[in-house]
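> Build me a structure from this.
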Amino acid sequence: MFFSVIIPVYNRPQEVEELLESLAQQSYKNFETLIIEDGSDEKCEHVVEEYSDRLDISYYFKENSGQGFSRNYGFKRANGDYFIVFDSDCLIPSHYFETVNKYLKENPLDAYGGPDREHPSFSPVQKAISYAMTSPFTTGGIRGRKKHAGTFHPRSFNMGISREVFEQTGGYRITRMGEDLEFSIRIIKHGFTTGLIPEAYVFHKRRTDLKQFFNQLHFFGRARINISRFHPSEVKFIHTLPALFTLGMVFFATLPFWNMPLFKLLLVPFLMLFALIFGHASLKNKSLSIGLLSAAASFIQLTAYGIGFMSEWWKKLRE
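Reported below is the predicted structural model:
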């Protein structure tokens, strides 16, 4: 099978270099790479040229339109039987395409997604953020698991679709704020098969500090409501849990001023959750400091998503 790798880029030449280096080391070589420069000021064309003798690679510069429409731009110019989308801040393990090719031959899928993992080179904060985004104790645990609620929805940081899927769906309908989930929902509604390939993982670098992480998760919360503008039934009770957690935190924070006994009582479940995440993350990473950072990142993940979810929900009510 011949794959076309579509990578939208915006002002990240260093990340592109690291990603291309990982692609150059793939054991399965039957793929092309399309770099779509989305109106960047810091272009990566010189980086692409350095890999022209190691990869079947093409570079395109276009006006800024966002990542969803940039992927469509790449799909229209791709030659593969199957299109694969990565975020530019991913590193791809050398077995990736070999794993995907073998899996699709034995278990045909119209679209697939793969999980994300942390790389040994990640900073402590990146490892903590990675934990929060994949932990069974946060909403991040929903992604990248073989057992999950409902039909599997691939995400665009690590996603593949057949050429037929693009031709039938037209690709991304929105370019930001939940564009990948909206696309996955339409893929499924068109009757295409989707699934997770557990060993087709990538190393996702994510954000480098907790403030950036807060902003990212706030955006994700808004995106869930934005998706409901196109698919109203896609906001389910599970998506409201971070908002309920956030409201609980606000309520809890006001208690010392008017009800200290209740504050002490409700302090217990919050401390238990913090301790559970801290212990699990510390064991997983073999580091108490990363465990502490992971607990903080997990609480940030839940509250930032919750605030974004509620703010966009209120905005939608007023439309």
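> Next one: the residue nearest to L276 when sequence neighbours are not counted from M260, what distance?
Counting by Cβ to Cβ, 6 or more residues apart in numbering, F137 is the residue found nearest to L276 once chain neighbours are left out, at 6.2 Å. (Glycine included, C-beta is placed from N, CA and C.) To M260, F137 is 28 Å away according to Cβ to Cβ, to the nearest Å.
> Which one's more surrounded, these two?
F137 (17 against 10; other Cβ atoms under 10 Å).
> isn't the more buried one right next to F278, touching?
No: taking contacts as Cβ atoms under 8 Å, F137 lies outside contact range of F278: 10.4 Å.
> Off-centre distance for the lengthiest helix in the chain?
The longest helix of the chain (DSSP state H) is helix 288-317. Mean-position distance between helix 288-317 and its chain equals 15 Å (Cα atoms, centre = their mean, to the nearest Å).
> what packs against that helix?
helix 124-134, helix 210-228, helix 237-254, helix 260-285 (3 or more Cβ pairs under 8 Å, 6 or more residues apart in numbering; DSSP states H and E).
> Take the ones you listed and write them to CSV, including distance to H153 and mean pLDDT.
CSV is the format used below for these (distance: least, Cβ to Cβ, whole Å; pLDDT from 0 to 100):
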stretch, distance to H153, mean pLDDT
helix 124-134, 16, 91
helix 210-228, 10, 93
helix 237-254, 12, 89
helix 260-285, 25, 89
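> right, and the ones you listed - which one's nearest K43?
helix 210-228 (22.7 Å; Cβ to Cβ).
> just for the stretch 51-200 of the chain, where's the confidence low?
The model of the stretch 51-200 of the chain has pLDDT under 70 over residues 139-150.
> which residue ranges form the helices in it?
Counting by DSSP state H, counting those that start in this stretch, the stretch 51-200 of the chain has helices at residues 67-77, 96-106, 124-134, 163-169, 179-189.
> Can you get me a residue count around G306?
25.
> Could you do K29 as well?
10.
> What distance do you get for it to Y103?
Distance from K29 to Y103, by Cβ to Cβ: 18 Å.
> Ok, Y51 next?
From Y51 across to Y103, the span is 26 Å (Cβ to Cβ).
> Equivalent analysis for R229, please.
34 Å.
> same thing with S233?
For S233, the distance to Y103 - Cβ to Cβ - is 30 Å.
> ok, now S22?
S22 is 19 Å from Y103, by Cβ to Cβ.
> and if you look at D38?
For D38, the distance to Y103 - Cβ to Cβ - is 30 Å.
> out of these two, which sits in the more crowded spot?
Legend: neighbour count by other Cβ under 10 Å for D38 and Y103, higher for D38 (21 against 18).
> OK, contacts around the more buried one?
P8, V9, Y10, K62, N64, S65, G66, Q67, S70 (Cβ atoms under 8 Å, 6 or more residues apart in numbering).
> Quick one: buried ones out of the residues you listed?
With burial judged by 16 or more other Cβ atoms under 10 Å, the buried subset of the contacts of D38 is P8, V9, Y10, S65, G66, Q67, S70.
> which residue packs closest to the fifth one, ignoring adjacent ones?
What sits nearest to G66 in space, not counting adjacent residues and going by Cβ to Cβ, 6+ apart, is T175, at 3.1 Å.
> And for Y59?
V48 (4.4 Å).
> The one you found: neighbouring residues, count only.
22.
> now do the one 3 residues further on
Taking other Cβ under 10 Å as the neighbour definition, Y51 ends up with a count of 18.
> need the contact list for it.
Y51 touches L20, E21, A24, I57, counting by Cβ under 8 Å, 6+ apart.
> okay, now the domains of this protein?
3-114+154-207, 212-317 (automatic domain parsing).
> my read: R222 touches G306, true?
No: assessed by Cβ under 8 Å, R222 is found out of contact with G306, at 11.1 Å.
> Turn the contacts of D38 into CSV, including distance to G170.
Shown next, in CSV, are those (distance: Cβ to Cβ, whole Å):
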residue, distance to G170
P8, 17
V9, 23
Y10, 23
K62, 18
N64, 21
S65, 15
G66, 16
Q67, 16
S70, 15
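> What mean pLDDT does stretch 287-299 get?
For stretch 287-299, mean pLDDT rounds to 96.
> In space, not sequence, find me the middle residue of the protein.
F157 (5.0 Å; Cα atoms, centre = their mean).
> which residues sit in contact with the residue nearest to Y59?
V16, L20, I35, I57, Y59.
> Can you pull the phi and psi angles for the residue nearest to the centre of the chain?
Dihedral angles of F157 (phi, psi; degrees, to the nearest 10) stand at phi -70, psi -20.
> now swap in A200 and tell me
Dihedral angles (degrees, to the nearest 10) for A200: phi -90, psi 60.
> Kindly provide the distance from the spatially closest residue to it that is not a sequence neighbour to F152.
What sits nearest to A200 in space, not counting adjacent residues and going by Cβ to Cβ, 6+ apart, is G114, at 3.5 Å. Separation of G114 from F152 (Cβ to Cβ): 11 Å.
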